[in-house]
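Engineer: no letters, just coordinates:
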């Protein structure tokens, strides 16, 4: 048997049928199943039957080639740019360690998800190949620049494949940096492609459909339920990964998602108004002040954490309740502000607005010069402050204004 | 007119009828309405009619006295201890500043909530009178000691009145410190007693009912919906304030609350098993290692935050996804561990277990000696580590074992 053969593999009580792929390990077989899943099988435990030889020509990139005809340019289809940054959706299992590492580029993803064929013409591009916990602000800038170039080249929408750990931060960054006349849709995968429960095919398909839609915003498209029935479309600035492992981990905080896509019918439904395709001209303002920190206050916190921020340009505090910290910290915060650090209050409650006019502690924080971020999520507020410090004339006014849908709740309910 | 008179106050198009209370301001009248609400009215704008003089005798504590007869000891009723720590439920508006400050003790709360009468015999006790953002570990110890003494004195249940900002941390602390044969129920208020929408009466009443119940756990009792129909009972270690201002801000993360109380019928319903009254003997282990910090990782975080923790006994990391940080931080974390700091991983996703066996980054963290906290909430994990470092023989084993209901989800769903 050789890579490219169609094979049936029996191991224990399971049978896999598909195309044998090259494997980076002598100990494992890798089989590409129908529907784009790859499965790894211990060679020693497997019985293999070759059903047909040389079904696919394997190219030098260790992937199933010769599918270009499926994605030949079609004048009747929109053109979507697929930009890869790494993450589970672009990863396979590393059989050396048993863990998942990122090693695909956008072209590989396209080949790994045949269901994408026929939906659009595609352009592929790799901006990074990292696990998303290693995402850093300079890569947000590279990514935004790549998106700008793709839109300038005339694509009808952009799909960004991104690890799920920090997707919400990257989506927020692009939402603040870009004015976009076309959809920019982040998607990823909570389960790698070799798992039977992988969400990579459905998420990628729904993301392409969203990128073809009329909603010209920076969106996150991920499973909207535990089933394979619907993907949710979230505003990049309001979304949060709220579960470590569930496929429907991503939620719009404090509201329904902006929209839904039915996987079977491809029907889109929208819960709120959105910015329509072509409503704004393309613009990119990608400057970021990197010297911004986020600090979560908890009882008993060592005030020395504030010393780390001394001389920094910005600090997001994740306070308690309506936006509080231990009152002993307020003079130190006032010193920071007097020394030029912009300090912004958010709440670890996540839902609801901060409101520092209600209690003494809050009023003292306002007197010290702390800026309120409304109901902006703490992580989003960090990204926004990085952007605002570099680009806004009036940072306080900017933090109190919704620039990209990040401010959702307009009032404290009992006001 | 004098304090103690029954009055009718007209201001604009509103009419208030109740008992005039002493006011700390010459500019405002304070009227105790039926049902326990206090309302403040600008004296200059108010028309006042005295309906009856000297209806209540006002004692030196500026509260409505002579209600002791209503709460005389009744052999047929259980005895509940009300312990006050401060917070909105024990506060009135400070008319000097327009903000809310804590100034009531437990006796005042009892008098302010006549609806509590007839439900139990009460003992009142003040452990602290602070806003809950100023709560600190030594006060948790004082509170736990007070609860122990009350239970030793024979009460049938304990209600702890606490500010909502840090209630979840304090409830966790008591859950780890106490083995209790009776219910210990935290309650508080999201809206102060002078607001028409105050939740203080219903929460206090439901907390007393919960303290009379068969559930001998450390619970949080707060509004379970936006209406005044039902209170939810949450395990202290699994509850989180998830909204800055809503009355039903408190939620059991990732599950239904442990139980519900119907406000009208006082009927209790339970969603899961609980520890029954008398199942364990009273025990208090209140030692805490105070040198434990919590650090939330976000993209672009300054690694210098880890320097603050150098030499500390413990560190909780709020990582991304399944429990990750930027891989550049791993050697620094390993150094911390080698120097004796216990480092525990939780997830900022809040729902779902950390699982550092899936990805390279996680495996490297485990190799560095990081301990996983399962699906323990980050704030709860901080409190637990403080307790475990002082009292557990094997801290790693303790962090992986549910000591007080803090570990809820047993497996990553796709394992």
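Structural biologist: Now that the structure is in, tell me what you want to look at. What you are looking at is a predicted structure, and each value in this text was computed from that prediction instead of being measured.

Engineer: what is the neighbour count of residue A:318?
Structural biologist: When neighbours are defined as other Cβ atoms under 10 Å in any protein chain shown, residue A:318 has 25 of them. (C-beta placed from N, C-alpha, C; glycine too.)

Engineer: do residue A:74 as well
Structural biologist: 11.

Engineer: distance of it relative to chain B?
Structural biologist: As judged by Cβ to the nearest Cβ, to the nearest Å, residue A:74 and chain B stand 37 Å apart.

Engineer: that residue and residue A:151, how far apart?
Structural biologist: For residue A:74, the distance to residue A:151 equals 20 Å [Cβ to Cβ, to the nearest Å].

Engineer: now the helices for chain A?
Structural biologist: A:106-112, A:137-152, A:167-177, A:200-211, A:304-308, A:330-338, A:360-368, A:378-391, A:395-399 (DSSP state H).

Engineer: would you reformat those as JSON lines and include mean pLDDT, distance to residue A:185 and mean neighbour count?
Structural biologist: JSON lines is the format used below for the helices of chain A (pLDDT from 0 to 100; distance: least, Cβ to Cβ, whole Å; neighbours: other Cβ atoms under 10 Å in any protein chain shown):
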{"stretch": "helix A:106-112", "mean pLDDT": "61", "distance to residue A:185": "14", "mean neighbour count": "22"}
{"stretch": "helix A:137-152", "mean pLDDT": "96", "distance to residue A:185": "11", "mean neighbour count": "19"}
{"stretch": "helix A:167-177", "mean pLDDT": "98", "distance to residue A:185": "9", "mean neighbour count": "27"}
{"stretch": "helix A:200-211", "mean pLDDT": "94", "distance to residue A:185": "5", "mean neighbour count": "26"}
{"stretch": "helix A:304-308", "mean pLDDT": "95", "distance to residue A:185": "36", "mean neighbour count": "18"}
{"stretch": "helix A:330-338", "mean pLDDT": "98", "distance to residue A:185": "38", "mean neighbour count": "17"}
{"stretch": "helix A:360-368", "mean pLDDT": "92", "distance to residue A:185": "38", "mean neighbour count": "19"}
{"stretch": "helix A:378-391", "mean pLDDT": "98", "distance to residue A:185": "18", "mean neighbour count": "26"}
{"stretch": "helix A:395-399", "mean pLDDT": "97", "distance to residue A:185": "26", "mean neighbour count": "18"}
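
Engineer: which one of these lies closest to residue B:329?
Structural biologist: helix A:304-308 (14.1 Å; Cβ to Cβ).

Engineer: what helices or strands is the closest one leaning on?
Structural biologist: Counting contacts by 3 or more Cβ pairs under 8 Å, 6 or more residues apart in numbering or on different chains; DSSP states H and E, helix A:304-308 packs against strand A:292-296, helix A:330-338, helix B:304-308.

Engineer: closest point of the stretch 201-350 of chain A to chain B, which residue?
Structural biologist: residue A:244 (3.3 Å; Cβ to the nearest Cβ).

Engineer: any idea how far that residue is from residue B:254?
Structural biologist: 10 Å.

Engineer: more neighbours: these two, which one.
Structural biologist: Taking neighbours as other Cβ under 10 Å, residue A:244 and residue B:254 compare with residue A:244 leading, 29 against 18.

Engineer: lovely, talk soon.
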